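> could you work out the structure for the sequence below:
(one chain, ligands or ions: 1)
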Amino acid sequence: MLGTLSLGACTKSTSTAATTSTPGADSAAQAITANGLLQHIKDLSSDSMEGRGPGTPGEQKAVAYMQSQFKALGLAPGNPDGTYLQNVDLIGYWSHPKATITAGGKNVALTYPHDYIANSRHNRPETKVDNSDIVFVGYGVVAPEYHWDDYKGVDVKGKTILMLVNDPPVRVANDTALDTTMFKGRAMTYYGRWTYKYEIATAKGAAAAIIIHETGPAGYPWAVVEGSNSNEQFDVISPDAEKRVPVEGWIALDKAKELLADAGQNFDSLKAAAARPDFKPVALNAKASFDVKIDVRKIQSHNVVAKLAGSDKKDEYVIYTAHWDHLGKDTTLNGDQIYNGAIDNASGSSALLEIAKAYTKLSAPPRRSILFLSVTAEEKGLLGAKYYATHPLYPLKQTAANINMDGINQWGRTSDYTVIGLGNSTLDDVLTNVLATEHRTVRPDPEPEKGFYYRSDHFEFAKQGVPALDIDAGIDFIGKPNGYGMQKRNEYTDNDYHKPSDEVKPDWDLSGAVEDAQTLFKVGYIVASTPALPEWKAGTEFKAKRDSMMTK
Ligand SMILES: [Zn+2]
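Model (predicted):
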């Protein structure tokens, strides 16, 4: 998990998709077992995989593993060139930054990467910003549809802009209640994502963009920022890299507070002001210099892809995705240096393999073909999925749906299953119907404020118009007290997410994960067997793109 949007969650959906009965699928689904899941997770998260960093020996092992498993299942190569691989050309950047910040004449002592992160995506060995004025720009958002502009015409060209993470939590006038008509209320919109922050900084011509980290609004603790940014960064090779804001960074909350206090300001007051439409940028009595030395290299990474040919509609595809990559290893760490990524995402990869196995147990293939796409570089910004969605092996117009798996439930059976962005597409109705046959229910994202919709591979398919289903573990655990599911979720986020401790745990119970994977197998089977293609629902931001694609 990259660290994702709920588009107006609605729990009631009007079903337009016919539910096919799934007798053949029900027995094939039994091929998915807890032992099967666990073995793949153990293999993929073993220390020998070295944390599965793209472009490392760990990649070779992980890619070889996925490929050999697909082959062993008797699945066909998914690339029309006759291979199981899609080459993904990436550029790697390793930043060695030095930041100097003074506020109110005092030096703010900053240790990298403990206190700050500074990267540059410019394709040169060194990028410098000298003695730039620092301007606090609130949330840094320009959102015409909400009549919101944090810049108010203030020129930030050549300056260092300091921004809050997430989107403005606008309050109802004279009240403390959240205004749900603004920025989708509690849900995070794209304006809240760090990628947006750097895009607007680029548009404004800033010299550097620094995001103030806060655990709640970011959706993850500082250790995640540190762990995912202080190693090599990747991107899909693009001619636009030089146009980006020269320095892209983060600052830890305590250091931001110190900087603001030294500059004669108060973090809490500034934050409160930033949630109001009349907020204006605050020029701080502070300066920032950055010297970012960068090792740049081009590397080839790989998506692994296998195919099960359909029957009469074999030129149309249902694509299951799960990213194989994780954060690799960090030899500067004391103790455990390997980011095993057992949950993130050896587990989703294991579900991909178990679901693929179930498809091979069907007595007859579904009408549409199924692609099993094990993508690279999710942790580096959804890059393998971005590469596929912009360089598809089969036309997107003929791509019926994407079903993405990032993480699985490791704490037992649930009576529910979470859909991120519930109500976006008819895929949600198919899922709801399958769950009903299992006496389970669908649940909207319990934490829409964390922007999970933007944080995994399905988003790259959605952006290109392909209806995409993003699911997450349920939270109502059978036989467990209320609150157990959220408690376990929070424990994972706080203790293990994007840390070397994301490993197979002795107390795992994969019985719920088996049911979830069986459900996703049946959903894909129904989508691949039903005459009508899935559709985005009216009002979703991805519908226009799909509609224009389908009429061409
Ligand atoms: Zn992740």
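> what's the longest helix in this protein?
Looking across the chain with DSSP state H, the single longest helix is helix 511-529.
> gap between stretch 503-523 and the chain center?
With CA atoms, centre = their mean, to the nearest Å as the basis, stretch 503-523 stands 20 Å off its chain's centre.
> can you check stretch 387-407 too?
Per CA atoms, centre = their mean, the centroid offset for stretch 387-407 relative to its chain is 15 Å.
> poorly predicted segments of this structure, please.
The chain contains residues with pLDDT under 70 at 1-22, 174.
> domain ranges for it, per the record?
23-83+309-551, 92-296 (automatic domain parsing).
> deepest in the core, which of those is it.
For the domains of the chain, the largest average neighbour count (mean count of other CB atoms under 10 Å) is found in domain 23-83+309-551, namely a mean of 21. Just so you know, the C-beta spots here come from the backbone N, C-alpha and C atoms, and that holds for glycine as well.
> quick one, strands of the stretch 51-200 of the chain?
Counting by DSSP state E, counting those that start in this stretch, the segments of the stretch 51-200 of the chain that form strands are 76-77, 85-103, 106-108, 116-119, 126-136, 142-143, 148-149, 160-164.
> report the contact partners of the closest residue to Gln86 other than its chain neighbours.
With CB to CB, 6 or more residues apart in numbering as the criterion, Gln86 has its nearest non-adjacent residue at 4.2 Å, and that residue is Asn303. When contacts are counted by CB atoms under 8 Å, 6 or more residues apart in numbering, Asn303 touches Leu85, Gln86, Val88, Leu373, Ser374, Val375, Thr376, Gly384, Tyr387, Tyr388.
> following element in sequence after the longest helix of the chain, please.
helix 543-551 (DSSP states H and E).
> do you know how far Gln60 is from Pro395?
If you measure Gln60 against Pro395 using CB to CB, to the nearest Å, the figure is 31 Å.
> which of the contacts of Asn303 fall within strands?
In strands, defined here by DSSP state E, the members of these are Leu85, Gln86, Val88, Leu373, Ser374, Val375.
> the ion: which of the residues you listed is nearest?
Val375 (12.4 Å; CB to the ion).
> just list whatever residues bridge to that closest one.
Here Val375 shows beta-bridge partners His323, assigned using DSSP bridges.
> point me to the residue of the stretch 51-200 of the chain nearest the ion.
Arg52 (10.9 Å).
> hang on, isn't that residue packed against Ala62?
Yes - at 4.5 Å, Arg52 counts as touching Ala62 under the criterion of CB atoms under 8 Å.
> coming back round to it: now do the residue nearest to Gln86 against the ion, distance only.
According to CB to the ion, to the nearest Å, Asn303 and the ion sit 17 Å apart.
> which SSE is that residue in?
Counting by DSSP H and E, Asn303 is found in strand 282-308.
> direction included, what does that strand pair against?
Strand 282-308 is paired, per DSSP bridges, with strand 76-77 (antiparallel), strand 85-103 (antiparallel), strand 126-136 (antiparallel), strand 368-375 (antiparallel).
> and Asp336, which of these is closest to it?
Distance to Asp336, taken as CB to CB, is lowest for strand 85-103 among those, at 21.5 Å.
> for the ion, what's the nearest residue on the stretch 351-500 of the chain?
Counting by CB to the ion, the stretch 351-500 of the chain gets nearest to the ion through Glu379 (4.9 Å).
> helix, strand, or coil at that residue?
coil (DSSP: H, G, I helix; E, B strand; the rest coil).
> dump the residue contacts of it.
Glu379 neighbours (CB under 8 Å, 6+ apart): Leu2, Ser228, His323, Asp325, His326, Leu327, Asp344.
> 7 Å instead, please
Each residue near Glu379 by CB atoms under 7 Å, 6 or more residues apart in numbering is listed here: Leu2, Ser228, Asp325, His326, Leu327.
> out of those residues, which is nearest to the ion?
Nearest member of the contacts of Glu379 to the ion, counting by CB to the ion, is Leu2, at 5.6 Å.
> for stretch 239-258, how far is the first residue from the last?
Distance across stretch 239-258, first residue to last, is 38 Å (CA to CA, to the nearest Å).
> distance from that stretch to the middle of the chain?
With CA atoms, centre = their mean, you get 20 Å for stretch 239-258.
> can you list the residues that contact it?
108, 110, 115-123, 127, 129, 198, 201-202, 206-214, 222, 225, 229, 235, 267, 290, 292.
> go again with 6 Å.
108, 115-123, 127, 129, 198, 201-202, 206-214, 222, 225, 267, 290 (CB atoms under 6 Å, 6 or more residues apart in numbering).
> cool, and stretch 402-411?
1, 319-322, 343-345, 347-348, 351, 456-458, 461, 466, 468-470, 473, 488, 508, 512-513, 516, 520, 524.
> re earlier: out of the strands of the stretch 51-200 of the chain, which gets nearest to Leu435?
Nearest of the strands of the stretch 51-200 of the chain (CB to CB): strand 76-77, 30.7 Å.
> what's in contact with that closest one?
In contact with strand 76-77 (CB under 6 Å, 6+ apart) are residues Thr83, Tyr84, Lys307.
> look up the closest residue to the first one, ignoring the ones flanking it.
Here the nearest residue to Thr83 in space, its sequence neighbours aside, is Pro77; by CB to CB, 6+ apart that works out to 5.3 Å.
> ok, what's across the strand from the one you found?
Ala306.
> separation between it and Lys463?
Using CB to CB, Pro77 is found at 27 Å from Lys463.
> let me see the backbone angles for the one residue in the stretch 301-450 of the chain that gets nearest to the ion.
Nearest residue of the stretch 301-450 of the chain to the ion: Asp344, at 4.1 Å (CB to the ion). Per-residue torsions, Asp344: phi -110, psi 90 (degrees, to the nearest 10).
> what's the first-to-last distance across stretch 107-116?
Span of stretch 107-116 from end to end, CA to CA: 15 Å.
> can you check stretch 333-347 too?
Using CA to CA, the gap from the first to the last residue of stretch 333-347 comes to 24 Å.
> can you say which helix or strand has Glu491 in it?
Assigned by DSSP H and E, Glu491 falls in helix 484-495.
> which residues are in contact with that helix?
Counting by CB under 6 Å, 6+ apart, Trp411, Ile475, Phe477 sit against helix 484-495.
> ok, now stretch 275-289?
With CB under 6 Å, 6+ apart as the criterion, stretch 275-289 contacts 100-104, 130-132, 134-138, 152, 154, 160, 168-170, 263, 273.
> try it again with 7 Å
Under CB under 7 Å, 6+ apart, the answer for stretch 275-289 is 99-104, 129-138, 148, 150-152, 154, 160, 168-171, 208, 259, 263-265, 270, 273.
> next one: stretch 210-220
3, 160, 162-166, 194, 197, 221-222, 225, 249-253, 256, 450-451, 493, 497.
> next, format the contacts of strand 76-77 as TSV and append distance to the ion.
Output for these, formatted as TSV (distance: CB to the ion, whole Å):
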residue	distance to the ion
Thr83	27
Tyr84	24
Lys307	26
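> if I look at Pro534, how far off is Phe461?
Taken as CB to CB, the span from Pro534 to Phe461 is 12 Å.
> give the contact list for Lys397.
Lys397 touches Met549, Met550, counting by CB under 7 Å, 6+ apart.
> now swap in Thr127 and tell me
Ser120, Pro246, Val247, Val292, Ile294.
> rewinding a little: ok, the contacts of helix 484-495 vs Ile355, which is closest?
Trp411 (20.4 Å).
> excluding its backbone neighbours, what's nearest Leu90?
Counting by CB to CB, 6+ apart, the residue nearest Leu90 is Phe234, at 4.6 Å.
> hang on, the one you found packs against Gly92?
Yes - at 5.2 Å, Phe234 counts as touching Gly92 under the criterion of CB atoms under 7 Å.
> centroid-nearest residue for the protein?
Arg455 (1.9 Å; CA atoms, centre = their mean).
> give me the contacts around stretch 56-74.
Outside stretch 56-74, the residues that touch it by CB under 7 Å, 6+ apart are 43-44, 48-53, 84, 301-302, 304, 306, 324, 328, 349, 353, 356-357, 360, 372, 374.
> name the helix or strand for Trp250, please.
strand 247-251.
> tell me where the stretch 351-500 of the chain has helices.
383-390, 427-437, 458-463, 484-495 (DSSP state H, counting those that start in this stretch).
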